[in-house]
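*Asks:* Model the following, please.
(chains A and B)
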Amino acid sequence: MSAAASAPRPRLAALGRRPLDALGSLMRRSPKAAAGIVILLVLSLMAISAPLWTSYDPTSLAFKSMLTPSRLHPLGTTFVGQDILSQLLYGARFTMLIGLLTGLIATLIGTAVGISAAYFGGRFDEIVNGIINVVLVLPGFPLLIVAAALLENAGDWAIIIVISLTGWAWGARVLRAQAMTLRRRDFIDAAVSTGEGPGRIIFREMLPNLSGIIAANFFGTALYGVLSESGLKFIGVGDVTQPSWGSMLYWAAGHTALLKGAWWWVMAPGLCIALLGTSFALLNFAIDEIANPKAANAGRLRAARRGKGRVLASQSAAQTLTRPNMKIQPPNPAALLSVRHLTAGYQTPQGPVRAVRNVSLDVMPGEFLGLAGESGCGKSTLAFAATRLLAEPGEVFSGQSVLEGVDLLTLSESELRRRRWKDYSMVFQASMNVLNPVLRVREQLYDAMQAHGVTDKAKLDARARELFGLVGIRESYLDVYPHQLSGGMKQRVVIAIALALEPKLVVLDEPTTALDVVVQRQILEEIQAVRRRLGIGIVMITHDLSLLTEMSDRIAIMYAGEIVEEAPSSVLQSAPLHPYTRRLMTAFPPLGGERTRREGIPGRPPSLALDLTGCPFAERCDSVMPICSLQKPVLSDLSPGHRVACFLHASPEQLTLAKPEVNHVLASD
Amino acid sequence: MSSPATELTTATELTTATELTTGVRPGTPLTAAVSANAALELHGLTKAFKCGRGGRVVTAVNNVSLRIERGEVLALVGESGSGKSTVARLVARLETPTSGSVSVGGQAVPRRLGSAGLRALRRRVQMIFQDPYASLNALNTVGYTLSRPIRIHKLAPGREVGAQVSALLDRVGLSPGALWAARRPNELSGGQRQRVVIARALAARPELILADEPTSALDVSIRLDIMNLLLDLKDQEGLSMLFITHDLAGARYMADRVAVMYAGSVVEIGPAQEVIGNPQMPYTQLLRRAAPKFGEGTETQGAGAQDAGELPLRGEVPDLSKLPTGCAFEPRCPHATAACKVALPPLYELSPGHLVRCVLFDPARPGAR
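*Replies:* Numbering: from 1, shown residues only, chains lettered A, B, ... in the order given. Model (predicted):
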C-alpha cells in the first residue's frame, strides 16, 4: 500500500554524512546495533587505555609462575610469570588492529574487484569471476598456515596481507552479485545516458547504494581476520612472543592451563574473542535490519498495535458509524457477496491508515463487478479485507463480509480454510510468481483439489485437463515446469487453479496488468467465457477503466477508500455522474475520433491517514461547492442500481439537512 | 471493403532500405533522404545478443530503418520482446549495434565511439525511462540529479547551475524549482518523479528525446499530464521524439507517425491516424482488436476494425532465437499463405508514407489488396 510505503525509511547513506549523529540515531533505532557498538567500544577502550589499567609490561617475566588471581594480578600470571591482565589488555591492541586492518584491506579489495567486474562486465568479468571462484575454493586456513609459515620472519604486515588476501573473495562475490543487480537498474542506465563517466557512476551512484553490504562485509572480514590471527597464533605460526589473544591461547594451551586449574588464562582471551565476534555479528544484523526496513518495521508495528493504534482505529470506526445521516444496512440476502460498512487498513508506526472506509457493496450470483480507481484508493485493500486475506500490518477495523449467508470476517481459521478456494478464490497481479518453480504445473493444480478432498488420480487428471481447456492451454503443458511457460501462460495456470474447485466467486486483482495487450485480451476473453459457462461471480479490480467498461456488468468507482459511484457498466459509460468518474473516463486518450487535447486529473488523492470532514475529492473537483469541504456527501440511489456520493446529485432532503450547518459555518467565517 | 489500399493501384515494391520506412515517395532521389533535416535516421539497424555459453543468438532488432524529421514525434509500438526498447537503447548507445547505421541530426554516429564521442552523442540524444521509481537514484537529491547533465556537458558556469536546475524544474511544472531541488525521490509521487526524469532529459538541451514507455508505470490519472507535458516541451524546445509505447491510443495521441514492430522488424509504418485508425498489417489489426474499445463510441469505422472481428487472438510473440525465415507473424496470421514462409517480405507502400510488410500487399501477387 502506498500509504504504508511512504513511511520514512532510515537511509544508510546518512551514515556517511554526519558520523556521530548517524551513530546516535542508529543506536536508538536498533537495539542490536546499540549492543554491538557498546561491546566494541568497551573492547576498544580496553585496548587503547591499557596503560591506565595495568602498570605491568605484558612481556615482563618478573612475577612468579602460575599465580592465581589476586588483587595484584586480577587474572593471575602465566607459566613464565607474565601478568595475564596486562597481556589481555595489550593483546587486545594487536588482535583488534589485525581485525581492523584485515577488514579494511579485504573489504577494499573485495569491493573494488566486485564492483569493477560488475560494471565493466564481459570478458573482464568472466576472468575476475574465475579468480574469485578459485580463491573461494582454496581451503582458506591451510593456505593461510602455509603462507604465514613461509613469511614467518616478514613481520606483522605480512600476516595482515596474507589474511586479507585469503579473505577478500567472499566479499567480492557478494558485492559483484549485488552490483550486477544494481548495474541493471534504470538509474544507472540513466546516468550513463546523461553522459556520466565510469568513475562517478561507480563512486557516486553505485557505491552509496552498496554501503550496507560493504559495511557488513567489513565486519565479516574483520571477524575472519581476528579468528585467523588467533588461529595462526594458537597453532604457533607467527611471532607468538607478541602479546595477542591468539598467542595467549597458544601459551595457555602449551602449558596445559586448564589441566592445572588455571581456567582464567584460557577463558579471558577466549571470552574476549567471542565478545568481539558477537559485537561484529550484532552490527551485521543491525545493518541488515536497516537495509531491509520491512523486517525491522514488523517489530515496531507490533509494539504500536499493542499501544494506542487499536483504540484510535476503533474510535474512528465508531465515528463513521455514528454520523447523523448514516443508516446501518443489513447484508443483502439475495447477493452472493454482501460487504457491509467495511472499514479496513493498516497499522503504521505513525498510526492507523484507513484505506477502506465504511464500504458497502454487493456482488450478485454470476455477476461481473468491476472495481476501479487510482492507485492508493483502497481497491486492493477492499478485496483483501473482504476475502479475509489482509495480512499484517493490514487489519479489518469493522464491518461484515457475507458470502452466501456466512460472515467471512467472523469465521474461525479452520472454517475459513475449508471455505477458501472452494467457495471463493483469488488471482492477484503478480500471481504468476506464486507458482512453485520446482513442481510441475500438474502437481500444483492437484494440490488445490487434494487439499479439499479430491484424491482419485483419474478424477484429478480429468479435472486438470478440463481446467486447461477452460483457460485455453494445451493439455501437453500440464507436465511442464513454470519456467517453461510465458507470463501469460503462467497467469492462465493460476486462473485454472483458482477455478479448480468451481468456486462461486473469483476475485481478480489486476490479473492482466503485467501482461501484453494481446495476451491480456486473450485471458480476459477466456475469463468471460468461463464465467458465462459456470455462472461464477467475478470481482475484478483494476485501474484501467477502459477495460472494465467492456467486461463488467456493474462498476464501482473508489476514491480515497470510499465508493463514490456505482452503476451498471453501460450507464456509467454513457452518463457518469460523479465528477471523479467523469474525469477518469476522459483520463486516457481515445483510439478513434478527433485528435483533441485531453487533461488528466490534477492534484493527488488525499492521504488515507487523514480523517476528512468533507468530500475527499473536493480539492481536485472543478464543480466544487462550499458544502463539499464541510460535509461528506452520502452514497445515495439516484435510479435503481445507480449510486452516487456527490452534492451535485444530492436529494433536496439531503441538502436541506446539510444547510443549517453550512449556513452556520459560513456565517461564522 | 473500401480501404485506401484496395484503391491503390500504384503500390510499388521498394527495396532500398532508406525509402522503405522513411515515408519518402518513390522516385525521390535517394541522396535527399540523408538530409540534414532528419533528427534521427536509422539504416538497417540490427542488434543480435549472444545468450549464454551455447551461443544462442537472439536477434532483438532486425534490419530496422527509420527516420524522424525535426520536430516530429514517431511512436514505436509493439509488445514486449518486439525490440522497440532496444532500438532506443541502440540510439542512446546503451547498447552497441551489431550492424547498421545511426545518424543524429544528419551526422552519422560512428560504430566505435570514444568517451568524447559518447559524451557528444549524449548531449544531443537523451532518454526518458519507463519506471520513475527505478530511474532515479534514491540517495541523490533532485538537484544533484539534474545538475549532472549541466556539469558534464559544461552548459553553464558552476555558480549558475543551481539557477538552471530551478528553471528546469519550473519548466516541468515543479515550482518553485529551488524547493523541489532539495528533495529526494522518496518524497515525490510517481508523477512528480517522472517530471524530474523529464527535466533530467531536458537538462542537456538535446535535439532528440527517446521516451521509453514514459507513462506505463504511472497511474491512469496522471498519464495524460505527462503526455501533455512532453507535447508542450516538444513544441517549446523544438524537440524531436521517439515515443515508445505498447498503447495504441497513447501512440495516436502523441505521435505524428507510428511504426509498429513485431519480432524485431518494423511491420507497418505511416501517419498515426491511418495506421491506428485503419491498420493494414494483420498484426497491427490484432493489436488494434486487443486494445480496449473504450472512448471510440459505438460506431467503429474503418476496414481494419472490421477485419479485426475475425482475427483470432492466438499465439504469443515468437522465440527471437528461432525466428522463421519468412514473416515472423505467419504462425499466428489468419491470412497466412505458403508465400509467407519463403522470406521476410519487404515493406510495400500503400499510400504516401504508409508502408506494410505483408505479402497481401505485394502488387505482383494475384488478387493483391
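*Asks:* Low-confidence regions, chain B specifically.
*Replies:* B:1-36, B:52-54, B:294-317, B:367-369 (pLDDT under 70).
*Asks:* all strands of it, in order?
*Replies:* In chain B, the strands defined using DSSP state E lie at B:38-51, B:56-69, B:73-77, B:99-104, B:107-109, B:125-128, B:208-212, B:240-245, B:257-262, B:265-271, B:348-351, B:354-356.
*Asks:* so what strands line up beside the last one?
*Replies:* The one in question is strand B:354-356. If you go by DSSP bridges, strand B:354-356 pairs up with strand B:265-271 (antiparallel), strand B:348-351 (antiparallel).
*Asks:* coming back round to it: now the strands of chain B in a markdown table, please, with extra columns for distance to A:V266 and mean neighbour count.
*Replies:* Glycine gets a C-beta too; all of them are placed from N, C-alpha and C. Below are the strands of chain B laid out as a markdown table (distance: least, CB to CB, whole Å; neighbours: other CB atoms under 10 Å in any protein chain shown):
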| stretch | distance to A:V266 | mean neighbour count |
| --- | --- | --- |
| strand B:38-51 | 57 | 20 |
| strand B:56-69 | 60 | 21 |
| strand B:73-77 | 73 | 27 |
| strand B:99-104 | 71 | 18 |
| strand B:107-109 | 71 | 15 |
| strand B:125-128 | 64 | 27 |
| strand B:208-212 | 65 | 25 |
| strand B:240-245 | 69 | 26 |
| strand B:257-262 | 73 | 27 |
| strand B:265-271 | 75 | 26 |
| strand B:348-351 | 89 | 24 |
| strand B:354-356 | 86 | 27 |
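*Asks:* could you dump the ones you listed to a markdown table with distance to A:Q347?
*Replies:* Shown next, in a markdown table, are these (distance: least, CB to CB, whole Å):
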| stretch | distance to A:Q347 |
| --- | --- |
| strand B:38-51 | 46 |
| strand B:56-69 | 46 |
| strand B:73-77 | 44 |
| strand B:99-104 | 54 |
| strand B:107-109 | 55 |
| strand B:125-128 | 38 |
| strand B:208-212 | 38 |
| strand B:240-245 | 39 |
| strand B:257-262 | 47 |
| strand B:265-271 | 52 |
| strand B:348-351 | 61 |
| strand B:354-356 | 58 |
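*Asks:* May I see the strands paired with strand B:354-356 arranged in JSON lines, with distance to A:L283 as well?
*Replies:* Listed next are the strands paired with strand B:354-356 as JSON lines, based on distance: least, CB to CB, whole Å:
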{"stretch": "strand B:265-271", "distance to A:L283": "55"}
{"stretch": "strand B:348-351", "distance to A:L283": "68"}
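*Asks:* Of those strands, give the one that comes closest to A:L524.
*Replies:* Judged by CB to CB, the one of the strands paired with strand B:354-356 that comes nearest to A:L524 is strand B:265-271, at 24.5 Å.
*Asks:* So what touches that closest one?
*Replies:* Here strand B:265-271 makes contact (CB atoms under 8 Å, 6 or more residues apart in numbering or on different chains) with B:21, B:23, B:62-66, B:83, B:256-261, B:275, B:279-281, B:283-284, B:328-329, B:344, B:347, B:350-351, B:353-358.
*Asks:* okay, the angle between it and strand B:56-69?
*Replies:* Between strand B:265-271 and strand B:56-69, the angle comes out at 20 degrees (axes from the mean of the first three to the mean of the last three CA atoms, to 10 degrees).
*Asks:* List the buried residues for stretch A:625-637?
*Replies:* Across stretch A:625-637, burial judged by 16 or more other CB atoms under 10 Å in any protein chain shown covers A:I627, A:C628, A:L630, A:Q631, A:K632, A:P633, A:V634, A:L635, A:S636.
*Asks:* Looking at those residues, which is nearest A:C621?
*Replies:* Distance to A:C621, by CB to CB, is smallest for A:C628 among those, at 6.8 Å.
*Asks:* where's the residue nearest the centre of chain B relative to B:P206, distance?
*Replies:* Taking CA atoms, centre = their mean as the criterion, B:L76 is the residue nearest the geometric centre of chain B, at 2.9 Å. Here B:L76 is placed at a distance of 18 Å from B:P206 (CB to CB, to the nearest Å).
*Asks:* Going by neighbour count, list what's buried in the lengthiest helix in chain B.
*Replies:* Longest helix of chain B, by residue count under DSSP state H: helix B:220-237. Residues B:220-231, B:233-234 are the ones in helix B:220-237 that count as buried (16+ other CB under 10 Å).
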